[in-house]
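S.K.: Predicted model follows, preceded by the sequence.
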Amino acid sequence: MIEIRESGEGLSLSVRVQPKSSADRILGKHGGALKVSVTAAPEKGKANAAVIALLSEKLAVPKSSIEIVRGETSRLKTVRIRGVAKETVSALLSGVSNSRS
């Protein structure tokens, strides 16, 4: 299960990123984190920007409402999302399956 933490600054969750993939998509749950793949390479913030764009699209919030607060140079990141209800994020996560990789 992916933990969604609430604070006065928004919602936070862990995201595991698989860069240089064939498509930008949400793959599932992996070790307590949301696993996503992005086509961008992990250089000069390109993969981070792709993660933000993907989550922005899936959650229907502006990119400016999403920020990476921990793990900018790591595959495992903590992402903060403002302006979205916990139920909306939970609904998105309930539709993803577990990932083995």
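M.R.: Okay, I see it.
S.K.: Any figure for the gap between residue 66 and residue 22?
M.R.: Distance of residue 66 to residue 22, given as C-beta to C-beta, to the nearest Å: 23 Å. The C-beta positions use only the backbone N, C-alpha and C, and glycine is treated the same way.
S.K.: Comparing these two, which residue is more hemmed in?
M.R.: When residue 66 is set against residue 22 and neighbours are counted by other C-beta atoms under 10 Å, the residue ahead is residue 66, at 22 against 7.
S.K.: And the nearest residue to the more buried one once chain neighbours are set aside, which helix or strand is it part of?
M.R.: Nearest residue to residue 66, sequence neighbours excluded (C-beta to C-beta, 6 or more residues apart in numbering): residue 52, at 4.8 Å. Assigned by DSSP states H and E, residue 52 belongs to helix 46-59.
S.K.: Can you pull the poorly scored residue ranges out of this protein?
M.R.: Residues of the chain meeting the criterion pLDDT under 70: 96-101.
S.K.: Let's see that with 50 instead.
M.R.: The chain contains residues with pLDDT under 50 at 100-101.
S.K.: Quick check, central residue of it?
M.R.: The centre of the chain sits closest to residue 15, judged by C-alpha atoms, centre = their mean, with a distance of 4.6 Å.
S.K.: Can you name the residues that contact that one?
M.R.: The contact partners of residue 15, by C-beta atoms under 8 Å, 6 or more residues apart in numbering, come to 33, 34, 35, 36, 51, 55, 76, 77, 78, 79.
S.K.: in the sheet, who's paired with the first one?
M.R.: Residue 33 has these beta-bridge partners by DSSP bridges: residue 30.
S.K.: correct me, but it touches residue 76?
M.R.: Yes - between residue 33 and residue 76 there is a contact under C-beta atoms under 8 Å: 6.4 Å.
S.K.: Find residues that contact each of the two.
M.R.: Joint contacts of residue 33 and residue 76 (C-beta under 8 Å, 6+ apart) are 14, 15, 16.
S.K.: hey, C-alpha coordinates of whichever strand or helix holds the second one in PDB?
M.R.: When elements are defined using DSSP H and E, residue 15 is found to belong to strand 10-18. Once non-C-alpha atoms are left out, strand 10-18 reads as follows in PDB (Å, rounded to 0.1, in the frame of the first residue of the first chain):
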ATOM      1  CA  GLY A  10      -0.200  19.400   0.800                       C
ATOM      2  CA  LEU A  11       0.000  15.600   0.200                       C
ATOM      3  CA  SER A  12       3.300  13.700   0.100                       C
ATOM      4  CA  LEU A  13       4.000  10.300  -1.300                       C
ATOM      5  CA  SER A  14       7.000   8.200  -2.400                       C
ATOM      6  CA  VAL A  15       7.600   7.700  -6.100                       C
ATOM      7  CA  ARG A  16      10.100   5.200  -7.600                       C
ATOM      8  CA  VAL A  17      11.200   6.400 -11.000                       C
ATOM      9  CA  GLN A  18      12.300   4.200 -13.900                       C
END
